[in-house]
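**Student:** sequence first, predicted coordinates after that:
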Amino acid sequence: MSIDWPALRAAATAAADHAYAPYSGLRVGAAGLTDDGRIIVGSNVENASFGLTLCAECGLVSALHGAGPADQSDQSDQAGPTELVAVAVVAGDGDPLLPCGRCRQLLLEAGGGSLLVDTADGPVELKVLLPAAFTTTDLAERRDQETSHDQETTREQETTREQETTRERGAQ
Ligand SMILES: [Zn+2]
């Protein structure tokens, strides 16, 4: 698939125009090209609490999932979710910005290590920007070996135990 980087950057710049950044004054737009050829955008959304601020890439990834597959009639999950193949993130001036650490992690699960990220020096694969990343493989291999059914049973037992303890307290 050929990637029209100027178009992607232009879409990101247009998204930056719609950013809500009254506190930092740094408007950011992100545009991603999906593997089915669509462009999806996001803008940063700040908040008076500061800590609740959403990066433009958060909005982009949320919009990616919210939009669903291009072919809405295809209800089979066999093809997996739509993935990003290229991303451009820019400030209000239209020049590239690199995603923050959290967003590199977020983008990894939306496009994988081969996702191309626009930089001032040209496209770079995400795995270069996020080496030795934590991935779903780590999750699958390192989690407790209990099955989810075991965990449900444990939770039920804990709830029963809590109820018994509450009853005992009430009896005293
Ligand atoms: Zn970010």
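**Tutor:** Received, thanks.
**Student:** CA only for contacts and neighbour counts going forward, please
**Tutor:** Noted.
**Student:** so who does the residue nearest the centre of the chain touch?
**Tutor:** Note on the chain: the residue nearest the mean C-alpha position is Leu106, at 3.6 Å, using Cα atoms, centre = their mean. Contacts of Leu106 were listed using Cα atoms under 8 Å, 6 or more residues apart in numbering, and they are Cys58, Val61.
**Student:** and if you look at Gly68?
**Tutor:** For Gly68, the contact set (Cα under 8 Å, 6+ apart) comprises Pro81, Thr82.
**Student:** how close does it get to the ion?
**Tutor:** Gly68 sits 22 Å away from the ion when distances are taken as Cα to the ion, to the nearest Å.
**Student:** please apply the same query to Tyr23.
**Tutor:** Here Tyr23 is placed at a distance of 16 Å from the ion (Cα to the ion).
**Student:** tell me the secondary structure for that residue?
**Tutor:** coil (DSSP: H, G, I helix; E, B strand; the rest coil).
**Student:** next SSE downstream of the host helix or strand of Val61?
**Tutor:** Using DSSP states H and E, Val61 falls within helix 56-67. Per DSSP H and E, helix 56-67 leads on to strand 84-91 as the next helix or strand towards the C-terminus.
**Student:** could you say which helix or strand holds Leu107?
**Tutor:** helix 101-111.
**Student:** over to Leu33?
**Tutor:** Following DSSP H and E, one finds Leu33 within strand 28-34.
**Student:** what's the first helix or strand after that strand?
**Tutor:** strand 39-43.
**Student:** where does pLDDT dip in this protein?
**Tutor:** The chain contains residues with pLDDT under 70 at 74-79, 147-172.
**Student:** how about the residues of it by the ion?
**Tutor:** Applying Cα under 5 Å from the ion, we find that the chain lies next to the ion at Cys55, Cys100, Cys103.
**Student:** can you tell me which of these is closest to Gly32?
**Tutor:** Proximity of the residues of the chain next to the ion to Gly32 was ranked by Cα to Cα; the top entry is Cys103 with 13.0 Å.
**Student:** and the nearest residue to the closest one once chain neighbours are set aside, how far is that from Pro96?
**Tutor:** With sequence-adjacent residues excluded and distances taken as Cα to Cα, 6 or more residues apart in numbering, Cys103 is closest to Glu57, at 6.2 Å. Using Cα to Cα, to the nearest Å, we find Glu57 at a distance of 13 Å from Pro96.
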